[in-house]
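Asks: A structural model of the following input is requested.
(one chain, ligands or ions: 2)
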Amino acid sequence: MIKHTYHLSGLSDLDQFSLELLPHLSDGSVILLTGELGAGKTTFVSSLAKTLGITDPVSSPTFALIQTYEGGKGPLHHMDLYRLRSETDCASLDLDRYLPPKKGITCIEWPDRLGSLLPENVIQIHLEYSDAPTARDLKLTLPD
Ligand SMILES: Nc1ncnc2c1ncn2[C@@H]1O[C@H](COP(=O)(O)OP(=O)(O)OP(=O)(O)O)[C@@H](O)[C@H]1O
Ligand SMILES: [Mg+2]
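Replies: Ligands and ions are numbered 1, 2, ... in the order given. So this is what the prediction gives:
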């Protein structure tokens, strides 16, 4: 397991991070995004989408819980499981076809909701508030 830490002073550093992550991604990659409300999980997905050449704007999947963005080097599947309470809820949603996806990449906000449905060999990104409003500390964990 390889761990890296990054200090992002703003959104352009986040875009640079997405660019550096790209060579580590391929069909079937799953990225778990953790960090408190407003830490920047959705903003990272939006940055990654841009890096993949996806032109549709990324927002929080609200009603659907999962949103797929096509185009560029997509598809990019984006799950936000905040409103799910448990694994039981997840099981009824047929989410496992994105865990991992056959084609494209899956990003998951609030992955703790998945419980035992969590896949192995995932990429983990943890975001934390830092010393300025636009600054974040990011921890990246890559599987072996
Ligand atoms: N360096 C940065 N990286 C990411 N987001 C940043 C950064 N600097 C400022 N922000 C801002 O912080 C906010 C992060 O909101 P975002 O919706 O991405 O958080 P979230 O972690 O997805 O929250 P939630 O748990 O509610 O879904 C955005 O308004 C974004 O512009
Ligand atoms: Mg979010």
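
Asks: Just grab the bridge partners of the residue nearest to the spatial centre of the chain for me.
Replies: With distances taken as CA atoms, centre = their mean, the residue of the chain nearest its centroid is C107 (3.2 Å). Listed by DSSP bridges, the beta-bridge partners for C107 are I31, H78.

Asks: Surely it touches V45?
Replies: Yes - at 4.9 Å, C107 counts as touching V45 under the criterion of CB atoms under 8 Å. (Each C-beta comes from the backbone N, C-alpha and C, glycine too.)

Asks: between these two, what contacts are shared?
Replies: By the contact definition CB atoms under 8 Å, 6 or more residues apart in numbering, C107 and V45 are jointly contacted by 33, 76, 78.

Asks: Report the contact partners of the last one.
Replies: When you say that, I think you mean H78. Here H78 is in contact with 45, 58, 61, 66-69, 106-107, 109 (CB under 8 Å, 6+ apart).

Asks: Contact residues of this structure facing ligand 1?
Replies: Proximity of the chain to ligand 1 is confined to 8, 10-11, 14, 35, 37-43, 60, 109, 134, 136 under the rule CB under 6 Å from any ligand atom.

Asks: Restricted to helices, list those.
Replies: Taking DSSP state H, the ones among the residues of the chain next to ligand 1 that sit in helices are 11, 14, 41-43.

Asks: give the contact list for D96.
Replies: Taking CB under 8 Å, 6+ apart as the criterion, D96 is in contact with L117.

Asks: Model confidence at it, what's the number?
Replies: Per-residue pLDDT puts D96 at 83.

Asks: how near is it to ligand 2?
Replies: From D96 across to ligand 2, the span is 22 Å (CB to the ion, to the nearest Å).

Asks: Tell me where the chain has helices.
Replies: Under DSSP H, the chain gives helices at 11-21, 41-51, 87-91.

Asks: Quick check: which of these is nearest to N121?
Replies: Among the helices of the chain, the nearest to N121 by CB to CB is helix 11-21 (15.5 Å).
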